[in-house]
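> sequence first, predicted model second:
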Amino acid sequence: MKILITGGAGLVGSHCAEFYAQKKAKVIVLDNLMRSELFKSKKQSVEYNWNYLAKYKNITRIKGDVRNEKDVLKAIGTGVDAVIHTAGQPGVPSSVRMPREDFSINAYGTLNVLECLRKKSPKATFVYCSTNKVYGENVDKIALKQLKTRYVYKNIKGINESTLTDLTGHTPYGVSKLVGDLYTQEYAHIYGMKTAVFRMSCIYGQRQFGFEDQGWVAWFIIASLLGKKVTIFGDGKQVRDLLYAEDLVRAYDCFIQGKQSHALVNIGGGAENTISLLEFVNKIKNITGKDLKVKFADWRPSDQKVYISDISKAKKELGWQPEINVDQGLLKLGQWAKENIKIF
């Protein structure tokens, strides 16, 4: 098997690359290594994963941009069996600051990869890393109850795929990711390509470099270890379902190896793997051995109070379910962060 991972030095991409490398596949990783620049960090981040993947002889690393046709065609080469498109501008606040850049990476970059794949390797499987942000503020219309440490849905367990994606605000990030989401669906319908859209909730895991703008699970753990203060926007009762990166990759592989011609699923930890910011803060000392310094600020635009994925469709269609629960996953991430504290 020959597989291309775009954004292969990121959290999800590097786990995909390692997963298939360990299965003896021929893996091509394409990444422009601009994550630190996007988040205005002086510290390296994805460079760590880029170097980490070098230990696998069956991984070929190509520094290039998904917006550049030559780079993508070089990565595809004479053809591939599958592409997992993890490359993207992943931050909501950064999309507000620089909407043109956000669009060019998330929307045009996805179209460019799809079109290059259609030209060079049309029978290949294409997996798109979408996001729950495609539902925008429609999620906020769902009735909630407020408990001591969290908000909960009143009448449902999670968000399913029938939730509307239009007639609402999204943030530029939600819009650009929705464009890629729709193009991925369309390339299955009009060109007959095998494509899947995975609308992801909160993904976390080892080798995650979190910033205030993106990757909050890792950011809280890293900040605790460094003695830095984190800002909670809102009251801290907002809830997300968490999915460990290794479980996510297994879901991708279920589709790639399966017989479905196309799929669209919400993917996350589901109702059994949720946590609020306040609850996470209370767990931090058990994970890192240190307290977390916290300050509160006003709510950010389009910050959902609750997002929990209904993963019943993913379970049914892919024959998949999460194997690593929240407590196990947080301990794994915390242990890795403690062992590698010098890189932060």
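That came through fine. Bear in mind the structure is a predicted one, so any value in this text is a computation, not a measurement. Numbering: from 1, shown residues only.
> show me where the stretch 201-344 of the chain has its strands.
Secondary structure of the stretch 201-344 of the chain (DSSP state E, counting those that start in this stretch): strands at 202-204, 229-233, 239-244, 262-267, 274-276, 293-297, 306-307.
> mind putting these into JSON lines with distance to residue 144?
Placement of C-beta: from N, CA and C, glycine included. JSON lines is the format used below for the strands of the stretch 201-344 of the chain (distance: least, CB to CB, whole Å):
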{"stretch": "strand 202-204", "distance to residue 144": "18"}
{"stretch": "strand 229-233", "distance to residue 144": "17"}
{"stretch": "strand 239-244", "distance to residue 144": "9"}
{"stretch": "strand 262-267", "distance to residue 144": "19"}
{"stretch": "strand 274-276", "distance to residue 144": "12"}
{"stretch": "strand 293-297", "distance to residue 144": "19"}
{"stretch": "strand 306-307", "distance to residue 144": "6"}
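> mean neighbour count, distance to residue 195 and mean pLDDT for those - can I get that in JSON lines?
Putting those into JSON lines (neighbours: other CB atoms under 10 Å; distance: least, CB to CB, whole Å; pLDDT from 0 to 100) gives the following:
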{"stretch": "strand 202-204", "mean neighbour count": "24", "distance to residue 195": "20", "mean pLDDT": "97"}
{"stretch": "strand 229-233", "mean neighbour count": "15", "distance to residue 195": "35", "mean pLDDT": "95"}
{"stretch": "strand 239-244", "mean neighbour count": "25", "distance to residue 195": "21", "mean pLDDT": "98"}
{"stretch": "strand 262-267", "mean neighbour count": "23", "distance to residue 195": "5", "mean pLDDT": "98"}
{"stretch": "strand 274-276", "mean neighbour count": "22", "distance to residue 195": "29", "mean pLDDT": "98"}
{"stretch": "strand 293-297", "mean neighbour count": "11", "distance to residue 195": "39", "mean pLDDT": "95"}
{"stretch": "strand 306-307", "mean neighbour count": "23", "distance to residue 195": "24", "mean pLDDT": "96"}
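> out of these, nearest to residue 343?
strand 202-204 (17.2 Å; CB to CB).
> in the sheet, which strands lie alongside that closest one, parallel or antiparallel?
Strand 202-204 has these partner strands in its sheet, going by DSSP bridges: strand 239-244 (parallel).
> can you find the helix or strand in the protein with the smallest mean pLDDT?
helix 35-38 (a mean of 76; mean pLDDT, DSSP states H and E).
> so which other helices or strands are in contact with that one?
Counting contacts by 3 or more CB pairs under 8 Å, 6 or more residues apart in numbering; DSSP states H and E, helix 35-38 packs against helix 46-52.
> tell me the buried residues in the helix or strand that the helix it packs on is followed by?
Using DSSP states H and E, the helix or strand that follows helix 46-52 towards the C-terminus is strand 59-63. Neighbour counts using 16 or more other CB atoms under 10 Å place 59, 60, 61, 62 of strand 59-63 among the buried residues.
> turn those residues into CSV, columns for distance to residue 278 and pLDDT.
CSV is the format used below for these (distance: CB to CB, whole Å; pLDDT from 0 to 100):
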residue, distance to residue 278, pLDDT
59, 40, 98
60, 44, 98
61, 40, 98
62, 43, 98
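> could you point out which of the residues you listed is nearest to residue 178?
residue 62 (27.9 Å).
> now that closest one: how far from residue 7?
To residue 7, residue 62 is 12 Å away according to CB to CB, to the nearest Å.
> equivalent analysis for residue 314, please.
With CB to CB as the criterion, residue 314 and residue 7 are 21 Å apart.
> related to what we said a few turns ago, next, show the common contact partners of residue 62 and residue 7.
Common contacts of residue 62 and residue 7 (CB atoms under 8 Å, 6 or more residues apart in numbering): 30, 31.
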